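In: Here's my sequence, what's the structure:
(2 chains)
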Amino acid sequence: GEDVEQSLFLSVREGDSSVINCTYTDSSSTYLYWYKQEPGAGLQLLTYIFSNMDMKQDQRLTVLLNKKDKHLSLRIADTQTGDSAIYFCAVLFYNQGGKLIFGQGTELSVKP
Amino acid sequence: DTAVSQTPKYLVTQMGNDKSIKCEQNLGHDTMYWYKQDSKKFLKIMFSYNNKELIINETVPNRFSPKSPDKAHLNLHINSLELGDSAVYFCASSQDTAREQYFGPGTRLTVT
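Out: Now for the predicted structure:
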């Protein structure tokens, strides 16, 4: 079956790095995504990685994919208070009509 | 320039009523989706349309009926609203079923 799991909360100090983790069960996925949701807002696509890649870096964001362990992580360098939000991991099954399966979301709290 | 827009942003209505939520995208994408986010922030796909054709219908009650008049629009009509329908409904679009999805700002539906 398709299942995506994330821890629910993460608290860090401003300036530290944040690492948000995600595990998934189905290996037939193609793309894996990270979305950010601020209070009362929609989902903002942050970054994504194709399933045949191990790492992708985009400014302060680094995505690591361990296909063997079905583990995805998002590292935010120099975390700022504006990074406080809920971060969702999502796995795309393109052969199922573009079905995105989301994790429960990790609420990141950045303390000054 | 709004990429994916939804109306209304808030919708408060009574049980038993019928309501519609509209979605439009100006990205030239072929695929559109509806997702439901519950009170615990869990996101689940409801429907997807590709080129106006329904391709995903995820065990949603038949009180929910999506309609796609053209590739740029996907509306959601809900009959006989129930308390459990209260949620935030997100529309999304993608170039095709294998590409990243861009989300609208959401419609918060409250059924009293």
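In: Can you tell me the number of residues neighbouring the nearest residue to A:G82 once chain neighbours are set aside?
Out: Excluding the flanking residues, the one nearest A:G82 by C-beta to C-beta, 6 or more residues apart in numbering or on different chains is A:V110, at 8.0 Å. Backbone N, C-alpha and C define where each C-beta goes, glycine included. A:V110 has 20 neighbours, counted by other C-beta atoms under 10 Å in any protein chain shown.
In: Could you do B:D85 as well?
Out: Residues contacting B:D85 under the criterion other C-beta under 10 Å number 19.
In: In the lowest-mean-pLDDT helix or strand in chain B, which residues are buried?
Out: The weakest-scoring helix or strand in chain B, judged by mean pLDDT, DSSP states H and E, is strand B:53-57 (a mean of 88). Applying a neighbour-count criterion of 16 or more other C-beta atoms under 10 Å in any protein chain shown, one finds B:55-56 buried in strand B:53-57.
In: what's the answer for stretch B:105-112, then?
Out: Quick answer for stretch B:105-112 (16+ other C-beta under 10 Å): B:105-109, B:111.
In: I'd like those as TSV, with secondary structure appended.
Out: Formatted as TSV, these follow (DSSP: H, G, I helix; E, B strand; the rest coil):
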residue	secondary structure
B:P105	coil
B:G106	coil
B:T107	strand
B:R108	strand
B:L109	strand
B:V111	strand
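In: want to try a markdown table for those, with pLDDT and distance to B:L76 as columns?
Out: Below are these laid out as a markdown table (pLDDT from 0 to 100; distance: C-beta to C-beta, whole Å):
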| residue | pLDDT | distance to B:L76 |
| --- | --- | --- |
| B:P105 | 95 | 15 |
| B:G106 | 96 | 12 |
| B:T107 | 97 | 9 |
| B:R108 | 97 | 14 |
| B:L109 | 98 | 10 |
| B:V111 | 98 | 14 |
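In: if we can go back for a sec, dump the least confident helix or strand of chain B to CSV, keeping only the CA atoms.
Out: Only the C-alpha atoms of strand B:53-57 are listed here, as CSV (Å, rounded to 0.1, in the frame of the first residue of the first chain):
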residue,chain,number,x,y,z
GLU,B,53,-11.5,13.6,-18.6
LEU,B,54,-11.9,12.2,-15.1
ILE,B,55,-8.9,9.9,-14.3
ILE,B,56,-9.0,9.7,-10.5
ASN,B,57,-12.1,9.3,-8.3
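In: Would you mind getting the angle between the helix or strand just after it and strand B:53-57?
Out: Using DSSP states H and E, the helix or strand that follows strand B:53-57 towards the C-terminus is strand B:64-70. On the basis of axes from the mean of the first three to the mean of the last three C-alpha atoms, to 10 degrees, strand B:64-70 is oriented at 150 degrees to strand B:53-57.
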